[in-house]
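S.K.: prediction below, plus the sequence it came from.
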Amino acid sequence: MRNISTLEELTAAVESHCAAGGLAVINFFAPECYTCRSLHAKLCQLIAAAPDVLLLKVDGTASPQLTAYCEQAGVDRIPYFHFHKGGDGSGSGSRIVAAFSASLRPEKLARLRAELATHSRPPSSSSSSSAATISAR
């Protein structure tokens, strides 16, 4: 898990991890959010079981750039998650394969588990990966 404090740091982390074939999970949160803090231990447990997953924690209020990124990315509540996978070989970079809000409510936790199970599988050896990018839009 990495705490992210700048848009540049977020972009670099997603690019490098997705280019290597991994899944980058961005957890948008706020330090004062009770639900975010409550979900943290369970999230760490789930991520530990998925070795190809990089968890990036982004406080959307940490900088004006991150606040603008969250607004442009459609993050309208917290905790909110974006799952990024590597490119499809066409040079298009990383893509968001899932975006949703989660909590400790059973149905929300089930969605988080399901998305991790679906997207954290290592890519097949025949698939190629290209450099991943996130645009600041």
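M.R.: Sure thing, it's come through.
S.K.: in this structure, which spans are helices?
M.R.: 7-19, 34-48, 64-72, 106-119 (DSSP state H).
S.K.: what ranges of the protein fall below the confidence cut-off?
M.R.: Of all residues in the chain, those with pLDDT under 70 make up the ranges 87-92, 121-137.
S.K.: wait, which of the helices of the chain is closest to residue 28?
M.R.: Closest approach to residue 28 among the helices of the chain is made by helix 64-72 (6.0 Å; C-beta to C-beta). Using the backbone N, CA and C atoms, a C-beta is placed for each residue, glycine as well.
S.K.: hmm, who's touching stretch 44-64?
M.R.: Taking contacts as C-beta atoms under 8 Å, 6 or more residues apart in numbering, the residues outside stretch 44-64 that touch it are 1-7, 10, 13-14, 17, 21-31, 43, 66-67, 69-70, 75, 78, 112-113, 116, 120, 122.
S.K.: who's residue 27 bridged to?
M.R.: For residue 27, the residues forming beta bridges with it (DSSP bridges) are residue 57, residue 81.
S.K.: circling back to that earlier point, what subset of the contacts of stretch 44-64 is buried?
M.R.: 4, 7, 10, 13-14, 17, 21-30, 43, 66, 69-70, 75, 78, 112, 116, 120 (16 or more other C-beta atoms under 10 Å).
S.K.: if we can go back for a sec, in a markdown table, list the helices of the chain along with distance to residue 96.
M.R.: A markdown table is the format used below for those (distance: least, C-beta to C-beta, whole Å):
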| stretch | distance to residue 96 |
| --- | --- |
| helix 7-19 | 10 |
| helix 34-48 | 18 |
| helix 64-72 | 12 |
| helix 106-119 | 10 |
